[in-house]
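Asks: Sequence plus the predicted model coming up.
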Number of protein chains: 2
Amino acid sequence: MAMSWDEVCETNCPTARALSVVGDRWTLLILREMTMGVHRFDDIQAQTGMSSFLLSTRLKRLESDGIVERRRYSEHPVRYEYHQTTMGKGFDRLLLALRAWGLERGGFAPGGKPSTRLTHKRTGKVIAPQWNPEPEDRPFTFDQVTTKLSPAFAAEREAKREAFRLSRRAAKD
Amino acid sequence: MAMSWDEVCETNCPTARALSVVGDRWTLLILREMTMGVHRFDDIQAQTGMSSFLLSTRLKRLESDGIVERRRYSEHPVRYEYHQTTMGKGFDRLLLALRAWGLERGGFAPGGKPSTRLTHKRTGKVIAPQWNPEPEDRPFTFDQVTTKLSPAFAAEREAKREAFRLSRRAAKD
């Protein structure tokens, strides 16, 4: 179902072009993980719940679109981390808008604790849903903020890591 | 492949929740059409290139998620238009961020004319990719702007309408 970049390049609509690159939830969830400092294949897989085939396909596509780059972090065995390129960080603003919508409309209890607290490094301000960057901080990227997980979200993520470890072990037995 | 709202409501992550509602390109293309004043089934179909089955499925899902509402505009025969709800307009900011990414990174010729010119009604300013709304204009919605199509984009859209009309006629013959 994926439109290829070539196909959509025929359209004049920039929104359609952007969607041809990130227009599925998996791709954006992968980028979300990277903004949270998660860069290794297994860790991304554990948090997104994707199959290794699907994750591998999406990462290759993101690499060929120039959104993500591989960085070798181990020689024996050869292992890579996945990082957003500068172009890829152009989507941080989009991820922030998704987060804002989810916080306001995602069915959370009013006054509840958000899953992440983002603190803007330069200004020290906590980023609220309606926050917009000052001119000097545009374009926004997650490099500008420190991210602190709520206890509930940290526990959710640890449970996912543990479930993934167990499923791996079970598959090997 | 679609996650249901119930499934993702178990996550604490607002980004994942937002993606459960709009995390596919078709859904966002449908909302894009609505922000451009296109509200009728056939017109949305012509511009997005979706099958009528797919469009119908997505619209039902958007309606049940409270993003889109149907409005009757004809009694005989009964016909509906599809409009964003207030909650649905919460995604306008996201569409604007997609547009901005596409304009800056979507492979357009530098200095070229954007497919749409958005003029902010209150301030009269043309909206550039790095534009952010003033506090009094938050949350941003497309109701705040007038949209003018470039000649190239207008021609592209007219060609799609024409192709759709022809395919309809061919199917009836």
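Replies: Arrived safely. Residues are numbered from 1 along each chain as shown, chains lettered A, B, ... in the order given.

Asks: When you work out contacts or count neighbours from here on, use the C-alpha atoms and nothing else.
Replies: Fine.

Asks: shaky segments in chain A?
Replies: Scanning chain A with the threshold set as pLDDT under 70 gives A:1-10.

Asks: Spatially central, which residue of it would that be?
Replies: Central residue of chain A (Cα atoms, centre = their mean): A:Arg32, 1.4 Å from the mean position.

Asks: what's near enough to touch that one?
Replies: Counting by Cα atoms under 8 Å, 6 or more residues apart in numbering or on different chains, A:Arg32 makes contact with A:95, B:15.

Asks: Can I get whatever helix or strand A:Ala170 lives in in PDB, CA atoms only?
Replies: Using DSSP states H and E, the element containing A:Ala170 is helix A:151-172. Extracted in PDB, the C-alpha atoms of helix A:151-172 (Å, rounded to 0.1, in the frame of the first residue of the first chain):
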ATOM      1  CA  PRO A 151       6.800   6.300  36.800                       C
ATOM      2  CA  ALA A 152       3.800   4.700  35.100                       C
ATOM      3  CA  PHE A 153       5.400   5.100  31.600                       C
ATOM      4  CA  ALA A 154       8.800   3.900  32.900                       C
ATOM      5  CA  ALA A 155       7.100   0.800  34.300                       C
ATOM      6  CA  GLU A 156       5.200   0.200  31.000                       C
ATOM      7  CA  ARG A 157       8.400   0.400  29.100                       C
ATOM      8  CA  GLU A 158      10.300  -1.900  31.500                       C
ATOM      9  CA  ALA A 159       7.400  -4.400  31.200                       C
ATOM     10  CA  LYS A 160       7.700  -4.300  27.400                       C
ATOM     11  CA  ARG A 161      11.500  -4.900  27.600                       C
ATOM     12  CA  GLU A 162      11.000  -7.800  29.900                       C
ATOM     13  CA  ALA A 163       8.200  -9.400  27.800                       C
ATOM     14  CA  PHE A 164      10.500  -9.000  24.700                       C
ATOM     15  CA  ARG A 165      13.400 -10.700  26.600                       C
ATOM     16  CA  LEU A 166      11.200 -13.600  27.600                       C
ATOM     17  CA  SER A 167       9.700 -14.100  24.100                       C
ATOM     18  CA  ARG A 168      13.300 -14.100  22.700                       C
ATOM     19  CA  ARG A 169      14.300 -16.800  25.200                       C
ATOM     20  CA  ALA A 170      11.200 -18.800  24.500                       C
ATOM     21  CA  ALA A 171      12.000 -18.700  20.800                       C
ATOM     22  CA  LYS A 172      15.500 -20.000  21.400                       C
END
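
Asks: can you give me the helices for chain A?
Replies: Remark: helices assigned in chain A by DSSP state H are A:5-8, A:14-22, A:25-35, A:41-48, A:52-64, A:86-89, A:92-105, A:151-172.

Asks: which one of the ones you listed is the most hemmed in?
Replies: Of the helices of chain A, the one with the most neighbours on average (mean count of other Cα atoms under 10 Å in any protein chain shown) is helix A:14-22, at a mean of 25.

Asks: how big is the angle separating it from helix B:25-35?
Replies: On the basis of axes from the mean of the first three to the mean of the last three Cα atoms, to 10 degrees, helix A:14-22 is oriented at 170 degrees to helix B:25-35.

Asks: now check helix A:14-22, is it near chain B?
Replies: Yes. Judged by Cα under 8 Å from any Cα of the partner chain, helix A:14-22 comes into contact with chain B at A:14-20.

Asks: Could you list every helix and strand in contact with that helix?
Replies: Here helix A:14-22 touches helix A:5-8, helix B:25-35, helix B:92-105, going by 3 or more Cα pairs under 8 Å, 6 or more residues apart in numbering or on different chains; DSSP states H and E.

Asks: Fine by me, we can end here.
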